[in-house]
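Asker: Sequence unavailable; structure follows:
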């Protein structure tokens, strides 16, 4: 069997103020979640897919008008959320620093003038990465921890149960639908529905707490 390197991988969580980004001027409390980042280095372009509220999008559109956002390619409303496809420069982006140090971005979000970043990186590259990030941003909070994978991928049954429950008001107070009614809609036993919902809730909540715990201290 081939011998491989065995470098420790760490989870780095940051809260920072990015001087060269529209996020510094986004001063709303509503969190803007970044769904995906796609680099086009030859065009010096970083494509950003994000989800926002109506209130957040109005602020984002204003920043585009002010020239703080390079371009907005598409805007799509999905229920009470808005999906936005926009662009910023790749150079001096937080993503570029992480990627060039072989880091893997897990998630990132923007709110109230700052940015949250969670990424995986080899332990021996942490200091170099933080130093380079410090050249383009003001790091206000940093947490380095062991990376413990959590099963966050929902099975088809869990996703169907969770989606149907959410859409039909199962999580509302008071509930607009009972578990036995949901079970009938899915054609499964009530006990099976509860089993799928509990598994889905455990995965989603566990993932959320892991991503945010370092910023709640």
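Answerer: Yes, it's here. Small disclaimer: the values here were computed from a predicted structure and weren't measured. Numbers count the residues shown, from 1 in each chain.

Asker: Which other helices and strands does the helix or strand containing residue 193 contact?
Answerer: Assigned by DSSP states H and E, residue 193 belongs to helix 190-212. Counting contacts by 3 or more Cβ pairs under 8 Å, 6 or more residues apart in numbering; DSSP states H and E, helix 190-212 packs against helix 156-167, helix 179-186. (C-beta placed from N, C-alpha, C; glycine too.)

Asker: Select, out of the ones you listed, the one closest to residue 83.
Answerer: helix 156-167 (17.3 Å; Cβ to Cβ).

Asker: so the residue nearest the centre of the chain bridges to which residues?
Answerer: Centroid check for the chain by Cα atoms, centre = their mean gives residue 107 as the closest residue, at 3.6 Å. Going by DSSP bridges, residue 107 is paired in beta bridges with residue 118.

Asker: Let me see the contact set for it.
Answerer: The contact partners of residue 107, by Cβ atoms under 8 Å, 6 or more residues apart in numbering, come to 33-34, 116-118, 211.

Asker: ok, so what distance separates it from residue 37?
Answerer: Distance from residue 107 to residue 37, counting by Cβ to Cβ, to the nearest Å: 10 Å.

Asker: Low-confidence stretches in the protein?
Answerer: Applying pLDDT under 70 to the chain flags the ranges 1-5, 149-152, 208-217.

Asker: mind running it again at 90?
Answerer: 1-8, 19-20, 29-31, 78-80, 106-107, 145-176, 190-196, 198-217 (pLDDT under 90).

Asker: what ranges do the helices span in this protein?
Answerer: Ranges of helices within the chain are 54-65, 94-100, 126-134, 156-167, 179-186, 190-212, based on DSSP state H.

Asker: May I see these organised as a markdown table, with mean neighbour count and distance to residue 72 added?
Answerer: Shown next, in a markdown table, are the helices of the chain (neighbours: other Cβ atoms under 10 Å; distance: least, Cβ to Cβ, whole Å):
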| stretch | mean neighbour count | distance to residue 72 |
| --- | --- | --- |
| helix 54-65 | 16 | 5 |
| helix 94-100 | 19 | 18 |
| helix 126-134 | 15 | 26 |
| helix 156-167 | 16 | 29 |
| helix 179-186 | 15 | 39 |
| helix 190-212 | 15 | 27 |
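
Asker: Out of the ones you listed, which gets nearest to residue 173?
Answerer: Between those, helix 156-167 lies closest to residue 173; by Cβ to Cβ that is 13.5 Å.

Asker: Residues touching that closest one, excluding its own?
Answerer: Contact with helix 156-167 is made by 154, 170-171, 177, 182, 185-186, 193, 196-197, 199-201, 203-204, as judged by Cβ under 8 Å, 6+ apart.
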